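Chemist: Got a sequence here, can you model it:
(one chain, ligands or ions: 2)
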Amino acid sequence: VTGEEANVAVETGVRERRVAVFVQLKRPGDVQEVRAQLPVVAEEGRIMESVSGSPVTVLCGETGSGKTTQLPQFLYEHGYTLPNGPCGGGMIGVTEPRRVAAVSMSHRVAYEMGLSQRQVSYQIRYEGNATEDTVIKFMTDGVLLREIEQDLLLQRYSVVVVDEAHERSVFTDILLGLLSRIIPLREKSGRPLKLVVMSATLRVEDFTKNPLLFPSPPPTLSVESRQFPVTVHFSRRTPTSYVREAYLKTCKIHKRLPPGHLLVFLTGQREVLRLCRALRGTFPCTQSTGEEREEGGRRERRRRKSRGDVDLDKYPLLPEVGRTECEDEEGEEEDKETDWKAEVSAHDRQLPMLVLPLYSLLPPERQAEVFRPVPEGVRLCVVATNVAETSITIPHVKYVVDTGKVKRRYYDKVTGISTFRVEWVSQASANQRAGRAGRTQPGHCYRLYSSAVFQNLLSQFSQPEICSRPVDDLVLQMKALGIERVAHFPFPTPPSPEALQAAEMVLEGLGALSSDGRLTDLGRTMSRFPVSPRYGKMLAVGHQYNCLPYVISLVAALSVKELVVQTDHSSRKGEEEGRGEGGVKSSGLAALRRLCAGKEEFRLLGDLGLLLTVVGAWSHSRGRTEFSAKTGLQPRAMREVSRLRQQLTNSVNMICPDLNLVIDPSLAPPTEAQARHLCQIVLACLGDRVARKISTDNMSAEDKRKQRFSYQCVSCEGPVYLAPNSSLTSCPPDYLVYQDLLDSGHRIYLRGVMAVQEAWLPQLVPQFCKFSEPLELPPPTFDPNTSTIRCHMSCTYGPHQWPLGSHEM
Ligand code: ADP
Ligand code: MG
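Modeler: Ligands and ions are numbered 1, 2, ... in the order given. Coordinates of the predicted model:
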């Protein structure tokens, strides 16, 4: 025990630590004090004994007990990164399902340890700050999965900590399956790898009692935390408008109940910002920065103008920003918010309250605001999405307002249609949320739904993600790892056989797998890009007629969600970490479309051309704040696009160094021939996502008008429609490809569309064509010798060739 710590231990009565400490840290004084209170710190001895005695340890402990921040420090202090340490040296890797957590925890742990970010670093898909000095690396689970592809035995690591395993993200599940196989191999190699699985709940049987995964059950430690009693209050009735109800409940608590911070759970960024706005408009001592300023400035100005509201003059004024297009819906919301306020008496509005938002797209420095001390006599109210459920613990919360709702993305297994639904959380989540109120003192949780709803409508637990999403990207990655029979993989919970079959079909259709399920050379190239298989193929076949820079930009833009501030309900996207496919959406597009005007070549590419224009214009624009206010583009998302462009360019250069590809930031419009080739490249990757215009020839004039935008696609029976904001509505083509379908509840919309020519279909995607007469033509093949995709007839992708095989990683 180091001197300093021993003192702290004596003062606080923490059990004496008996284990040898190899490395001594100089921790800041404030950290010493906080650490001594953490339940995990009291159990350090027991935890480290288990880690040293067993290859796998499962650690359960309530959120906030100190797992994420402390365990990496224990491992470091016990010499796990030292060459003469227990595992012969290597990094400590910590995986998180959420990007927010990876970034914020790396900052916090570096600070607690008195080390720099060169030593305690993070890596997420777009960015990272790891160096050769890195000893502890926080990363998203997907990042480690990709590292396994290149370093099968994870030789660079001595310990892998899989955090938040209870969340059951697909990548976490797959990682655990792989790690269960890597550990025995490392054991044999003489440099063992330790695995620590951490969970905020005790529901870990899927890992511990799963002989396929770990033949002998790993030791499971559970850390008792000093959880104070939380009184749960149900509402008598369940309201329809839960944001409004959350507002009223928050006001009531603030008015009537003793000091103590407040935490409100909502489902997404928009709701969070809306409630923040309403609360800030009600109580003094508000504060606003960054993104909300951009979002809120316009509304604030309008509100002030229309009502001459004196109250608002007390608050720091929000700067003026340019107007964005399409404000229709928001006017309505605003009026409602005004109504809300009328229900809170003027007297109550005198109490100061600091209102802070917390959601995953909030920049890290703004996320950190919730940890800052609050002035005496001010109540902190954090309005959060479910990132606050287990990933981030806000100190001193006494009151929780739980709407009971969460936004989930749904995929129809058959059609692949995705929808975002606001749903009831599980009972387990609701209890987690309630627990947030009792971290430091007895607390109260106000559920804005009845106990009957809790009993009857909330499922006991949430389903693991792997059971509810397409798995084509996973199957491709697993095949690339040499796992031939994916169905035999030791999944903690296996995906359904249909989902696996669907994934194999998609991959076969893309040419990534041969008909007997083996990875093809094309598939291998596809798997090297950190994007979904379709986009991987776009990149793999994109190098012709100098199209690759466009393909890279397109893939980057399609892989980042929330490019544009959302204003229409039909295209609202999920709030949480997404690796999914984005698309052109939102009605801020009118301004963007003007950007495109006159650029005929981009126009040939439909919505995708619009995306390319956006990417180019963004890199080009000088006053970005103004530009983003005008166009509704989210600066953070656009920065991600830029980073992904760079990263994909790097990947391409790594796979094929001869290309020496450099990014042209401004992205000049493609030539007409290039635009046509780009269309064909996209078609080759989206052969199963072609839609044909429904003929209106024999319809009445009225029906003709109604059905002007209706299409027929392969995956669903009824008609699907061009989205109202699509760039193809001015002249709907006979055939088009789409990125995805979105069910608005009222209609199914095609998103991210681009026109294609009928004549291309049998040539580029014959596997999806039905021929009226049998054609004696072979399916397209990928020829590794000439590195070309050969379609039947004379259609060969060329003239540049992709030098596959020469640079195997
Ligand atoms: P767990 O992983 O078990 O949920 P954590 O290790 O995340 O717990 O949190 C331990 C404690 O550290 C909590 O009380 C939390 O409030 C605090 N904490 C985490 N991040 C920060 C930060 N950036 N600033 C201040 N306190 C923090
Ligand atoms: Mg944690």
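Chemist: Tell me the residues of this protein that contact ligand 1?
Modeler: 38, 61, 63-70, 104, 108, 368, 371, 393, 395 (C-beta under 6 Å from any ligand atom). Using the backbone N, CA and C atoms, a C-beta is placed for each residue, glycine as well.
Chemist: What about those residues, which one has the most neighbours?
Modeler: Compared across the residues of the chain next to ligand 1, Thr68 has the highest neighbour count, 28 neighbours, by other C-beta atoms under 10 Å.
Chemist: How about the contacts made by that residue?
Modeler: Val94, Glu96, Ala101, Met105, Asp163, Met198 (C-beta atoms under 8 Å, 6 or more residues apart in numbering).
Chemist: measure Gly29 to ligand 1 for me?
Modeler: Gly29 is 14 Å from ligand 1, where distance means C-beta to the nearest ligand atom, to the nearest Å.
Chemist: Next, count neighbours for that residue.
Modeler: 8.
Chemist: neighbours around Trp727, how many?
Modeler: Trp isn't right for residue 727; it's Ser. 26.
Chemist: Tell me if I'm right that it and Leu608 touch.
Modeler: No - look at Ser727 against Leu608 with C-beta atoms under 8 Å: they stay out of range, at 9.1 Å.
Chemist: follow-up on the earlier one: most widely separated two among the residues of the chain next to ligand 1?
Modeler: The widest separation within the residues of the chain next to ligand 1, taken as C-beta to C-beta, falls between Gly61 and Ala368 and amounts to 23.0 Å.
Chemist: Next, format the contacts of Thr68 as TSV and append pLDDT, secondary structure and neighbour count.
Modeler: Shown next, in TSV, are those (pLDDT from 0 to 100; DSSP: H, G, I helix; E, B strand; the rest coil; neighbours: other C-beta atoms under 10 Å):
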residue	pLDDT	secondary structure	neighbour count
Val94	98	strand	28
Glu96	94	strand	29
Ala101	88	helix	25
Met105	94	helix	23
Asp163	97	coil	29
Met198	97	strand	23
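Chemist: all helices for the stretch 651-800 of the chain, in order.
Modeler: Counting by DSSP state H, counting those that start in this stretch, the stretch 651-800 of the chain has helices at residues 672-685, 701-706, 761-764.
Chemist: which outside residues touch the second one?
Modeler: Read it as helix 701-706. Under C-beta under 8 Å, 6+ apart, the answer for helix 701-706 is Thr696.
Chemist: Quick one: mean pLDDT for it?
Modeler: The average pLDDT for helix 701-706 rounds to 87.
Chemist: what about the closest residue to Gln707 other than its chain neighbours, neighbour count?
Modeler: Sequence neighbours aside, Thr696 is the residue nearest to Gln707 in space, at 5.2 Å (criterion: C-beta to C-beta, 6 or more residues apart in numbering). When neighbours are counted by other C-beta under 10 Å, Thr696 registers 15.
Chemist: repeat for the one 4 residues further on
Modeler: Using other C-beta under 10 Å, Ser700 has 9 other residues around it.
Chemist: how about low-confidence regions in this structure?
Modeler: Where the chain drops to pLDDT under 70, the residues are 1-21, 126, 285-350, 411-419, 561-562, 564-601, 622-624, 771-809.
Chemist: just checking, Pro530 touches Arg146?
Modeler: Yes - between Pro530 and Arg146 there is a contact under C-beta under 8 Å: 6.1 Å.
Chemist: which other residues reach the host helix or strand of Met478?
Modeler: When elements are assigned from DSSP states H and E, Met478 belongs to helix 472-480. Where contact means C-beta under 8 Å, 6+ apart, the residues beyond helix 472-480 that reach it are 145-146, 149, 170, 174, 466, 486, 489, 500, 502-504, 506-507, 512-513, 518-519, 523-524, 526-528, 532-533, 536, 579.
Chemist: Show the subsequent helix or strand relative to that helix.
Modeler: Taking DSSP H and E, what comes next after helix 472-480 is helix 497-510.
Chemist: where does Thr220 fall, phi/psi-wise?
Modeler: Taking degrees, to the nearest 10, you get phi -120, psi 120 for the backbone angles of Thr220.
Chemist: got the contact list for it?
Modeler: Counting by C-beta under 8 Å, 6+ apart, Thr220 touches Thr57, Val58, Leu59, Cys60, Val204, Thr208.
Chemist: switch to 6 Å and redo it
Modeler: Contact analysis of Thr220 by C-beta atoms under 6 Å, 6 or more residues apart in numbering lists Val58, Thr208.
Chemist: which residues pair with it across the strands?
Modeler: Note on Thr220: beta-bridge partners Val58, judged by DSSP bridges.
Chemist: what does Gly93 give?
Modeler: In beta-bridge terms (that is, DSSP bridges), Gly93 pairs with Lys137, Val160.
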